[in-house]
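Novice: here is a sequence together with a model predicted from it:
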Amino acid sequence: MPVPLDLLLWPFIVGLLVLSTHVPLGRRVLARGIIFLDLAVAQLAVLGVVAAHALELAADGWPTQLAAATAALAGAAFLAECERRWPQIQEALIGATFVVAASVAVLLLAGDPHGGEHLAELLTGQILWATPEQAVRIAALYGTLLAVLFWRGERLGGLGFYLVFALAITASVQLVGVYLVFASLILPALAVRGLPPRTALQAGWGLGALAYTVGLAASAGLDWPAGPAIVVALAICAPLGRIALRVAASQRER
């Protein structure tokens, strides 16, 4: 059954909040050459959620949030130290972290008859069920993280960046899922690479907002899962947006 359009307001607001942090963080991930960091940290947060589920903790309770944040922060600190010690193999270590975290999560859910369904929800997200309370919570967190990110800039250092990244991912992964976290970080960043910083941020946010609008509308009209629909919309809007930006730039140069 298609979703009524008036129920998409809070999912759309949550999507904009996710983009507020993920576009600037995605640009930094791309610049640092650690493309799969988001997948690894998101999977670590998922592992924390799965561990809390295995211990039968309330899904929306603070122990589950603490477990997710602890797993993501510990993993981020570990990967930051790996980058300091062995930068030449950082991508391999990030990939290995993702695979191990995913495998442990599967093992923890192996005896749960609903484990596959729970894991699928964490991968594809539940953005359609976003509530005003969730939006307010992540708005407060993201406001703080953005202030730190723009205030400190490059002075954050490796560890500081990894920890800010982990907190942002922990907040978003349970709402929008691993797939949409990755797409929100990387696809807008790819579309605006090479642009001046301020222009890149504005264009990235604009393209992301357009894709969330299209994806949510497709989900509502065609009764598609919202997360995958937005991922596909991002995959379409990002290259088209890059072409449009390049055409606009060439027109200005004439």
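Specialist: Sure, I can see it. Numbers count the residues shown, from 1 in each chain.
Novice: only C-alpha atoms from now on, for both contacts and neighbour counts.
Specialist: Noted.
Novice: buried sites along the host helix or strand of Gly221?
Specialist: For Gly221, the host element (DSSP states H and E) is helix 197-222. When burial is assessed from 16 or more other C-alpha atoms under 10 Å, helix 197-222 yields the following buried residues: 200-201, 203-220.
Novice: with stretch 224-239 instead?
Specialist: Buried residues in stretch 224-239 (16+ other C-alpha under 10 Å): 224-235, 237-239.
Novice: nearest the geometric middle of this protein, what residue?
Specialist: Val181 (2.4 Å; C-alpha atoms, centre = their mean).
Novice: tell me which element that one falls in.
Specialist: Going by DSSP H and E, Val181 is in helix 157-191.
Novice: quick one, that helix and helix 197-222 angle?
Specialist: 60 degrees (axes from the mean of the first three to the mean of the last three C-alpha atoms, to 10 degrees).
Novice: poorly predicted segments of the chain, please.
Specialist: Within the chain, the segments meeting pLDDT under 70 span 1-6, 57-61, 253-254.
Novice: show me where it has its helices.
Specialist: 9-32, 37-54, 62-85, 90-108, 115-124, 132-152, 157-191, 197-222, 226-253 (DSSP state H).
Novice: please identify the deepest-packed of those.
Specialist: Greatest average neighbour count among the helices of the chain goes to helix 37-54 (a mean of 26), per mean count of other C-alpha atoms under 10 Å.
Novice: how far off helix 157-191 does it point, in degrees?
Specialist: Relative orientation of helix 37-54 versus helix 157-191 (the same axes, to 10 degrees): 110 degrees.
Novice: relative to Ala102, how far out is Glu83?
Specialist: With distances taken as C-alpha to C-alpha, to the nearest Å, Glu83 is found 21 Å from Ala102.
Novice: give me the distance from stretch 237-252 to the chain's centre.
Specialist: 25 Å (C-alpha atoms, centre = their mean, to the nearest Å).
Novice: kindly format the C-alpha coordinates of that stretch as PDB.
Specialist: Extracted in PDB, the C-alpha atoms of stretch 237-252 (Å, rounded to 0.1, in the frame of the first residue of the first chain):
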ATOM      1  CA  CYS A 237      21.100  12.400  -9.200                       C
ATOM      2  CA  ALA A 238      24.900  12.400  -8.400                       C
ATOM      3  CA  PRO A 239      26.200  11.900 -11.900                       C
ATOM      4  CA  LEU A 240      23.500  14.000 -13.500                       C
ATOM      5  CA  GLY A 241      24.200  16.700 -11.000                       C
ATOM      6  CA  ARG A 242      28.000  16.600 -11.700                       C
ATOM      7  CA  ILE A 243      27.200  16.900 -15.500                       C
ATOM      8  CA  ALA A 244      25.000  19.900 -14.800                       C
ATOM      9  CA  LEU A 245      27.600  21.500 -12.500                       C
ATOM     10  CA  ARG A 246      30.300  21.100 -15.200                       C
ATOM     11  CA  VAL A 247      28.000  22.600 -17.900                       C
ATOM     12  CA  ALA A 248      27.200  25.500 -15.600                       C
ATOM     13  CA  ALA A 249      30.900  26.100 -14.900                       C
ATOM     14  CA  SER A 250      31.800  26.000 -18.600                       C
ATOM     15  CA  GLN A 251      29.000  28.500 -19.300                       C
ATOM     16  CA  ARG A 252      30.400  30.900 -16.700                       C
END
